[in-house]
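give me a 3D structure for the following:
(2 chains)
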Amino acid sequence: DGGITQSPKYLFRKEGQNVTLSCEQNLNHDAMYWYRQDPGQGLRLIYYSQIVNDFQKGDIAEGYSVSREKKESFPLTVTSAQKNPTAFYLCASSRLLGQGALSGANVLTFGAGSRLTVL
Amino acid sequence: QKEVEQNSGPLSVPEGAIASLNCTYSDRGSQSFFWYRQYSGKSPELIMSIYSNGDKEDGRFTAQLNKASQYVSLLIRDSQPSDSATYLCAVNGFSGGYNKLIFGAGTRLAVHP
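Predicted coordinates:
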């Protein structure tokens, strides 16, 4: 079955450590995204990528980095510069980025999420 | 003004009733509108998408869009306890220099037997 796989599901980080969250999709989607969700809040966009070797900052990119070396993979690194990293991280993908109103190409499919806790 | 606004709830309805969830948005140029359901500790799943004014029905769910009023709603008929979740409204918009999907904070729905 096609889908998005995120790992690990739970992750604990010590102060000052970098950690990397994995996101792999086999949906043949061009666009991939990383969102952060805090309790009682909506999803905030960290980074997104439309094609391989290209990515753009979202609303809260500070303290995070990404790469897009393969179409299927979009890992997120939470660096020590991110002062409040405890959150639920969601990876998503869509066929295209943009309005795509009639084709539904911009409908997001989400992975199961990764919960990061700073000790 | 928030770009996508939802009442945080909780919205409590009895089993079998109609649940009405509302969402307003600020970008008049938005063309795509989505409702996602999110159970506690899980990732969002798409319930409905709507792109033109009017109603769109899918089983017990009906999405309503009024672009003039910048308003989108979700009706759930014959509500079941399994519908208890947080419902996220998402709107395509151009913000911060790029096109993106903007999420509301969600409305928590509780369906009681």
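
check contacts around residue 109.
In the absence of a named chain, this looks at chain A. Taking CB atoms under 8 Å, 6 or more residues apart in numbering or on different chains, we find A:T109 in contact with A:G3, A:I4, A:Q25, A:L27, A:H29, A:A92, A:S93, A:S94, B:L46. For every residue, glycine as well, the C-beta is placed using N, CA and C.

hmm, I had chain B in mind actually
Listed by CB under 8 Å, 6+ apart, the contact set of B:L109 reads B:9-11, B:13, B:19, B:21, B:76, B:79, B:83-87.

pLDDT-wise, what's the bottom of the residues you listed?
Lowest in pLDDT among those is B:G9, which has 84.

which one of the contacts of B:L109 is nearest B:N53?
Top of the list for closeness to B:N53, among the contacts of B:L109 and by CB to CB, is B:L21 at 18.2 Å.

just give the nearest non-adjacent residue to that closest one, would you?
B:L74 (4.4 Å; CB to CB, 6 or more residues apart in numbering or on different chains).

for that neighbour, name its beta-bridge partners.
Beta-bridge pairing for B:L74 (DSSP bridges): B:L21, B:A63.

show me what contacts the nearest residue to B:S12 once chain neighbours are set aside?
Excluding its sequence neighbours, the residue lying closest to B:S12 (CB to CB, 6+ apart) is B:A110, at 4.7 Å. By CB under 8 Å, 6+ apart, the residues touching B:A110 are B:G9, B:P10, B:L11, B:S12, B:V13, B:S84.

sheet partners, orientation included, of the helix or strand harbouring B:G93?
B:G93 belongs to strand B:85-95 when assigned by DSSP states H and E. Paired neighbours of strand B:85-95 in the sheet (DSSP bridges): strand B:33-38 (antiparallel), strand B:98-103 (antiparallel), strand B:107-112 (antiparallel).

how about JSON lines for the ones you listed, with mean pLDDT added?
Listed next are those as JSON lines, based on pLDDT from 0 to 100:
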{"stretch": "strand B:33-38", "mean pLDDT": "95"}
{"stretch": "strand B:98-103", "mean pLDDT": "78"}
{"stretch": "strand B:107-112", "mean pLDDT": "96"}
